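Enquirer: Sequence and predicted structure are below.
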Amino acid sequence: MQRGGLQHDGSGDGAAPAGEAGLSGLVTPPLSRRGFVMTSLMSGLTLATTRVEAQVIRTDSDGIEAGEVRIPAQDGPMPGYRAVPEGPGPFPVVLVIEEIFGVHDYIKDICRRLAKAGYCAVAPELYARQGDLSTMTDVQQIVRDVISKTPDAQWIADLDAAAAYAGSAAKGDLGRLGVMGWCRGGRGAWLYAAHRRDLKAAVAWYGPLGGQRSDIQPRTAGDVADELNAPLLALYGGADTGIPVASVEAARDAAKSAGKSVELVVYPEAPHGFHADYRPSYRKAAAEDAWSRALAFLKANGVG
């Protein structure tokens with residue numbers, strides 16, 4: 001594999017924008033002629049949850065600007081959510097990578113929480129071309145029909161587009177760029193940290209380190225642990241039955257051996273999704289401690 005940029009098959013110019021190192025082995029198939037299946041974000045919470053918990057956090061918009069936006073992408077406007085403090089800025093940027101459930105109210109609220117902390121937070125709907133997540137109730141269908149069919153090169157390019165949007169139209173300072181991802185988005189945080197050379201910090205919330213490889217998803221998060229371009233904070237649950245702590249420790253050790261920085265925090269009693277306040281998996285003490293650590297980590301590494 002040749003390193004140094006995304007590989008294209010003619011659907012784009014193949015050039016990586018300034019500041020990006022690129023991951024090897026990523027191929028973007030031709031973009032679908034049907035364009036974006038989702039042209040706007042879903043309202044409310046994902047339908048793919050058994051029940052909505054009473055402890056759902058709802059952050060107001062006082063002192064910030066927040067709402068749905070259209071992000072210029074290769075094949076048209078991509079739906080997304082932006083929250084940013086009031087005032088001229090520029091503000092440090094945090095790209096928010098969704099779970100598998102789309103940019104629903106939980107992800108929007110995370111953006112508002114970040115804006116309250118002084119950040120320009122942008123969450124692009126990375127699965128908008130593959131399916132309408134607002135109508136899906138079955139997790140297995142989401143994984144089979146949407147997640148497994150979304151090329152890594154596609155969503156990485158879309159994150160780059162979201163960063164460019166933040167810097168040009170959303171009062172963002174790309175000299176202070178960070179990324180946070182939850183669940184599948186935690187995997188994305190690892191991969192994006194190995195892709196983007198000018199990234200200052202990454203935070204992965206219980207992202208899987210392994211998993212199946214495919215032509216369009218050729219590398220796992222564990223595969224790229226020794227290629228990180230920025231310090232990464234790994235927040236994981238010791239009671240997560242789907243992500244063995246040993247796999248995260250192995251990734252941390254691989255990063256350390258390569259001279260990279262991964263700070264691992266494991267909450268022994270916390271399950272997968274311990275930050276998701278709308279689900280039964282939510283663990284208030286772990287979620288609040290991890291959030292404080294995440295904000296401190298961003299600031300300590302130049303995103304603040």
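Expert: Nice, I can see it. Numbers count the residues shown, from 1 in each chain.
Enquirer: contacts for stretch 219-226?
Expert: Contacts of stretch 219-226 from elsewhere in the structure, counted by C-beta atoms under 8 Å, 6 or more residues apart in numbering, are 23, 25-26, 152, 186-187, 190-191, 193-194, 204, 207-211, 213, 247, 250-252, 254-255, 257-258, 260, 262. C-betas here are computed from N, CA, C, even on glycine.
Enquirer: Show me where the stretch 1-150 of the chain dips below the pLDDT cut-off.
Expert: 1-21, 25, 27-34, 47-54 (pLDDT under 70).
Enquirer: try it again with 50
Expert: Counting by pLDDT under 50, the stretch 1-150 of the chain shows low-confidence ranges at 1-20.
Enquirer: Can you list the residue ranges for helices in the stretch 1-150 of the chain?
Expert: Listed in chain order, the helices of the stretch 1-150 of the chain (DSSP state H, counting those that start in this stretch) span residues 105-116, 139-145.
Enquirer: list the helices and strands the last one packs on?
Expert: The one in question is helix 139-145. The helices and strands touching helix 139-145, judged by 3 or more C-beta pairs under 8 Å, 6 or more residues apart in numbering; DSSP states H and E, number zero.
Enquirer: Mind listing what's buried along it?
Expert: Along helix 139-145, these residues count as buried under the neighbour rule (16 or more other C-beta atoms under 10 Å): Ile142.
Enquirer: can you dump the C-alpha coordinates of that helix into PDB?
Expert: Output of helix 139-145 as PDB, limited to C-alpha atoms (Å, rounded to 0.1, in the frame of the first residue of the first chain):
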ATOM      1  CA  VAL A 139     -29.800  -2.000  15.200                       C
ATOM      2  CA  GLN A 140     -28.800  -5.000  13.000                       C
ATOM      3  CA  GLN A 141     -30.500  -3.300  10.000                       C
ATOM      4  CA  ILE A 142     -28.500  -0.200  10.700                       C
ATOM      5  CA  VAL A 143     -25.200  -2.100  10.900                       C
ATOM      6  CA  ARG A 144     -26.000  -4.200   7.800                       C
ATOM      7  CA  ASP A 145     -27.500  -1.700   5.500                       C
END
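Enquirer: List the buried residues in the helix or strand following it.
Expert: Beyond helix 139-145 on the C-terminal side, the first helix or strand identified by DSSP states H and E is helix 152-169. By neighbour count, and taking 16+ other C-beta under 10 Å as the criterion, the buried residues in helix 152-169 are 152-167.
Enquirer: right, and the secondary structure at the spatially closest residue to Ile243 that is not a sequence neighbour would be what?
Expert: When the adjacent residues along the chain are set aside, Ile243 lies closest to Pro208, with 5.5 Å between them (C-beta to C-beta, 6 or more residues apart in numbering). Three-state call for Pro208 (DSSP: H, G, I helix; E, B strand; the rest coil): coil.
Enquirer: What helix or strand is the residue nearest to Val265 when sequence neighbours are not counted located in?
Expert: Ranked by C-beta to C-beta, 6+ apart and with sequence neighbours excluded, the top spatial neighbour of Val265 is Leu235, at 5.4 Å. Using DSSP H and E, Leu235 sits in strand 232-237.
Enquirer: name the helices or strands packed onto the next helix or strand after that strand?
Expert: Using DSSP H and E, the helix or strand that follows strand 232-237 in sequence is helix 245-257. Other elements packing on helix 245-257 under the criterion 3+ C-beta pairs under 8 Å, 6+ apart are strand 232-237, strand 262-267.
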